[in-house]
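J.: Build me a structure from this.
(one chain, ligands or ions: 1)
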Amino acid sequence: MKKVWLGSSWKMNKTNEEVGRYCQLIKPHLSNLSADLQTFLIPPFPYVKQVETALSETRCLAGVQNVGWASSGPYTGEVSVDMAKDIGASLVEIGHSERREWFGETDATVNKKVILSLNTGLRPLICVGDTADEKCWGVSAESIVRQVKIALHGVSAEQVTKVLIAYEPVWAIGEHGIPASTEEAEMGLAAIRSGLTTLYDSEIAQSVPLLYGGSVNIHNAKMLLRQPNIDGLFVGRTAWQPEGFARLIQLVTEVIEEQAYA
Ligand code: 13P
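T.: Below is the predicted model:
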């Protein structure tokens, strides 16, 4: 069975004390995970080491929410891939729509960051998504496949097996987001899978974990995961409290068990 991925980015939330409490409360839920489940948490930079250390005995990876597009140099305020590795990250989230919208992230910078991450031994979690306008114009699939193709420009067939891709419709993310239906989520990820097949081949395309993100909650998590092209869930708000993440772990585990006996 393919591994199922479940993780959360905390975005720009939490204090030192809240991080300590979160790790303490979530740890027991991470201790007896199904071998088919891989979890991850992506805290703000200052807490990555703390999370990685606190959860080191569990199957929960730590990641960073961004990384610089250069490996070092006069780039005030940036954090390099080597620095991300030094603080215990094994995943690098790249190209989230909030970074594209507010911090000048482009497809070209996403590509640079993907290459640097892979060369440093970090797994990029590339985020792509269509806007509400693109959805309305009927060009969602073109838009997200275009983003994927540019993000993977120059990435070899061997390297791409280390990449994860999250489809996060811009219209589905956050407080004002409208959750994608299971059909919409599956359609987006099927388009990405087919784009990967064109770029590489179908075996490689199948080996790249494809995640859905955008208003995932305890009511839609199971239905989403049952879709053929959804290999995992990338969650914001619902997993910001340990109780929410624990509940999602339970729901995802139920789907894994269901599929194992199917
Ligand atoms: P929400 O689950 O809060 O909509 O956020 C999703 C997201 O942006 C994950 O990266």
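J.: I'd like the distance between the closest residue to the ligand within the stretch 101-250 of the chain and Asn13.
T.: At 2.4 Å from the ligand, Gly236 is the closest residue in the stretch 101-250 of the chain, using Cβ to the nearest ligand atom. For glycine as for every other residue, the C-beta is placed from the backbone atoms N, C-alpha and C. Distance of Gly236 to Asn13, computed by Cβ to Cβ, to the nearest Å: 9 Å.
J.: Same check on Cys23?
T.: 15 Å.
J.: These two: who's more crowded?
T.: Cys23 (22 against 13; other Cβ atoms under 10 Å).
J.: So what does the residue nearest to the more buried one when sequence neighbours are not counted look like in phi/psi?
T.: Residue nearest to Cys23 in three dimensions, not counting chain neighbours: Ala54, with 3.7 Å by Cβ to Cβ, 6 or more residues apart in numbering. Dihedral angles of Ala54 (phi, psi; degrees, to the nearest 10) stand at phi -60, psi -30.
J.: quick one: the strands in the stretch 151-262 of the chain?
T.: Taking DSSP state E, counting those that start in this stretch as the criterion, the stretch 151-262 of the chain carries its strands at 164-167, 210-213, 232-235.
J.: related to what we said a few turns ago, so who does the residue of the stretch 101-250 of the chain closest to the ligand touch?
T.: Gly236 makes contacts with 8-9, 11, 173-174, 213, 216, as judged by Cβ atoms under 8 Å, 6 or more residues apart in numbering.
J.: Return only those of those found close to the ligand.
T.: For the ligand, the contacts drawn from the contacts of Gly236 by Cβ under 6 Å from any ligand atom are 9, 173-174, 213, 216.
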